[in-house]
Structure formats: C-alpha cells, structure tokens
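Undergrad: can you look at this prediction? I've put the sequence above it.
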Amino acid sequence: MQSSLKFAPRLCAALLALTLAGAVSAHPLLAAPKAEAGSFYKAAIGITHGCSGSATREVIVMIPPGVEGAKPMVKPGWSVDVERGKLAQPRVSHGRTVTEDVTKIRWSGGTLASAHYDEFVVVATLPREAGPLYWAVSQVCEQGRADWAEIPAPGQTAGELKSPALRLEVTPASQPGHAH
C-alpha cells in the first residue's frame with residue numbers, strides 16, 4: 001500500500017499536465033488544414049468548446065486576403081450575415097469585373113453548448129500562391145468571447161501563441177486550370 005502511495009503525487013501531476021495541455025490546445029480547427037493553390041476549398045471550421053464553459057452564440061470568420069467568392073453554408077437555427085468589401089485590385093471572373101468580395105461571415109442566433117462540437121462551413125477559391133493562409137475566428141458566448149486571430153511572427157510557432165488563428169497550408173497546384 002505504501003509503495004503505491006509514493007507514486008500518487010507524480011500520477012496527479014501527470015494527469016493535471018495532460019488536462020491543462022488539452023485545455024490550452026482546445027481551439028477552433030480546420031477539418032482540412034492543407035489544400036492546393038487556386039483550388040475550390042471547403043473550410044469546415046470546428047468549434048470544440050465554448051468560452052469557459054459558456055455556450056457559443058455567435059461565430060465570426062474573417063475571410064483571408066486573396067480568398068475569392070466565399071459562401072457560407074446555412075445552419076438550421078442560426079442566421080447568417082455576409083459582409084463585403086472593396087477589392088484593392090479588381091479581377092475578372094467569368095467575363096465580368098469583380099470590384100468587391102466577401103470579407104466576413106457571421107453566424108448568430110443559435111446556441112452551441114460548450115460540451116458539444118459543431119462545424120461552420122465556408123466554400124471559396126484559394127489564392128494561386130502557395131504558403132500559409134490564416135483564418136481569424138471569433139466566438140461570442142453567453143458569457144465571454146474568444147478571438148482566435150494571432151498570427152505567428154517569423155520563426156514563431158502557433159503553439160507559442162495564446163489565441164492562434166487557424167492555419168491553412170496552401171500547397172503548390174499540381175495542375176494549373178480552372179478552380180471549380
């Protein structure tokens with residue numbers, strides 16, 4: 001009995017470390033964290049918990065620069081609002097000049113309990129250049145708010161940040177062509 005008790009403090013410390021590691025790493029995630037440049041992409045943004053146990057009431061996704069034609073998936077019980085902004089450089093799509101595009105998508109009016117998981121989906125065309133692309137996501141809860149918007153500085157990892165934005169690794173396109 002005494003020999004098993006001497007390991008109890010170490011066991012408790014190990015369990016506490018695992019619990020805290022899980023709490024720190026629990027943030028929104030992209031179901032597919034890698035995609036080809038210029039491709040049509042389905043960003044399924046998973047909300048893994050609320051704000052300190054409080055239910056999520058609103059999810060806001062900032063569309064990264066260079067992402068084109070973002071469209072949200074509707075969710076029963078939630079309202080969806082789309083904000084558009086002027087493009088710095090107009091582009092041509094399907095024979096017409098595009099001067100503005102989606103900059104922000106907001107789902108509101110629903111309730112996602114902290115103990116449950118759900119996905120908020122956006123489809124769009126990715127930039128034609130490879131490299132990391134960061135999606136800022138905000139959760140507004142019944143009590144509190146979480147803004148996942150930090151972008152790592154050169155040489156820094158997302159694990160070093162308190163509230164990292166979601167990272168999509170855009171890989172070089174395997175074949176150039178029409179995106180959708």
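TA: Everything's here; your move.
Undergrad: can you pull out the helices in this structure?
TA: For the chain, the helices defined by DSSP state H occupy 2-5, 8-25.
Undergrad: where among those is the average confidence lowest?
TA: Across those, helix 8-25 has the smallest mean pLDDT, namely a mean of 35.
Undergrad: OK, contacts around A149?
TA: By CB atoms under 8 Å, 6 or more residues apart in numbering, the contact list for A149 reads 62, 136-138, 163, 165. For every residue, glycine as well, the C-beta is placed using N, CA and C.
Undergrad: quick check: beta-bridge partners of L133?
TA: When bridges are called by DSSP bridges, L133 pairs up with L168.
Undergrad: I figured it was touching I63, is that so?
TA: No. Using CB atoms under 8 Å, L133 is not in contact with I63, being 10.2 Å away.
Undergrad: who are the neighbours in contact with E142?
TA: By CB under 8 Å, 6+ apart, the contact set of E142 is 50, 54-55, 57.
Undergrad: check what pLDDT A26 gets.
TA: On the pLDDT scale, A26 gets 54.
Undergrad: for this structure, which strand is longest?
TA: Counting residues, the longest strand in the chain under DSSP state E turns out to be strand 96-112.
Undergrad: just checking, what packs against that one?
TA: Applying 3 or more CB pairs under 8 Å, 6 or more residues apart in numbering; DSSP states H and E, one finds that strand 96-112 contacts strand 56-62, strand 68-72, strand 79-93, strand 118-125.
Undergrad: ok, which of those strands comes nearest P152?
TA: Among those, strand 56-62 comes nearest to P152, with 16.6 Å by CB to CB.
Undergrad: show me what that closest one is packed against.
TA: If you count contacts as 3+ CB pairs under 8 Å, 6+ apart, strand 56-62 packs onto strand 40-47, strand 96-112, strand 118-125, strand 131-141.
Undergrad: what about dumping the CA coordinates of the first one to CSV?
TA: Written as CSV, here are the backbone C-alpha positions of strand 40-47 (Å, rounded to 0.1, in the frame of the first residue of the first chain):
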residue,chain,number,x,y,z
PHE,A,40,-12.0,25.3,-54.6
TYR,A,41,-11.8,24.8,-50.8
LYS,A,42,-14.3,23.8,-48.2
ALA,A,43,-13.3,25.4,-44.9
ALA,A,44,-15.1,23.4,-42.2
ILE,A,45,-14.3,25.3,-39.0
GLY,A,46,-14.8,23.2,-36.0
ILE,A,47,-15.8,24.8,-32.7
